[in-house]
Each structure stands twice: as C-alpha cells, then as structure tokens.
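Peer 1: this one's structure only:
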C-alpha cells in the first residue's frame, strides 16, 4: 500500500490575512541613532528599495548588559534603559505616523 501525502491546505487570500508584503530592504536602527529626519543611510534605503523598507531595532544583550571598558560600570543602567525604551517606542509611533 502506498501512502498518500495529504494535500496542503489552500492558503487564504491575501485580503483575508494580516500578512504584509516582504520588504526589499531592512534598515537596522542602532541605539546611538534612532533618527528619522536627517538620516542619510535611512533616506538611501528608502530611495533604493523597490518593495519598501522594514525598520528593525534589536535589543542586543551585548550592548544592554555590557560594562564600559573605561569605568567598569554597566553601559545601560535602569534610567538609560528606560530612556532607550521610550525612544524606541517614540520611533515606532513616528514610523506608523509616516505610514510605515
């Protein structure tokens, strides 16, 4: 007896899903530069991307948990971490307001 491989279910129509098209370019925001205005690399990414730009911010443990080589203290204390979270949330709101 040969076993039949079940057919894959038919994917829902795009209009029925919340999926977004795959962007052509990923722009990685770093903790030291969360600007939308006056950001030449971001502007270049937007100008050259034919399928849009996916903004990305990564909470990198090597940055958030690292110690400063000069002082030996944590690079990201409680207040600075809270400020970074506020900045990233503000960046998200501004990107949404711009249509992203």
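Peer 2: Happy to help now that I have it. Since the model is a prediction, treat every value here as computed from it, not as a measurement. Numbers count the residues shown, from 1 in each chain.
Peer 1: and the longest helix for the chain?
Peer 2: Using DSSP state H, we find that the single longest helix of the chain is helix 78-97.
Peer 1: list the contacts of that helix.
Peer 2: With contacts defined as C-beta atoms under 8 Å, 6 or more residues apart in numbering, helix 78-97 is touched by 29, 31, 34, 36, 55, 57, 64, 76. Glycine gets a C-beta too; all of them are placed from N, C-alpha and C.
Peer 1: how about the strand or helix carrying the fifth one: buried residues?
Peer 2: Residue 55 is located in strand 53-57, with elements delineated by DSSP states H and E. Buried residues in strand 53-57, counting neighbours by 16 or more other C-beta atoms under 10 Å, are found at 53-55, 57.
Peer 1: which helix or strand in this structure has the lowest average pLDDT?
Peer 2: When each helix and strand of the chain is scored by mean pLDDT, DSSP states H and E, helix 61-64 comes last, with a mean of 69.
Peer 1: show me where pLDDT drops low in the chain?
Peer 2: Scanning the chain with the threshold set as pLDDT under 70 gives 1-23, 62-66, 68, 74-75.
Peer 1: swap in 90 and give it another go.
Peer 2: Within the chain, the ranges that satisfy pLDDT under 90 run 1-26, 31-32, 37, 45-54, 59-82, 84, 98-100.
Peer 1: tell me the SS of residue 71?
Peer 2: Following DSSP: H, G, I helix; E, B strand; the rest coil, we place residue 71 in the coil state.
Peer 1: for residue 77, see how far away it is.
Peer 2: Distance, residue 71 to residue 77, by C-beta to C-beta, to the nearest Å: 11 Å.
Peer 1: ditto for residue 38
Peer 2: On the measure of C-beta to C-beta, residue 38 and residue 77 end up 28 Å apart.
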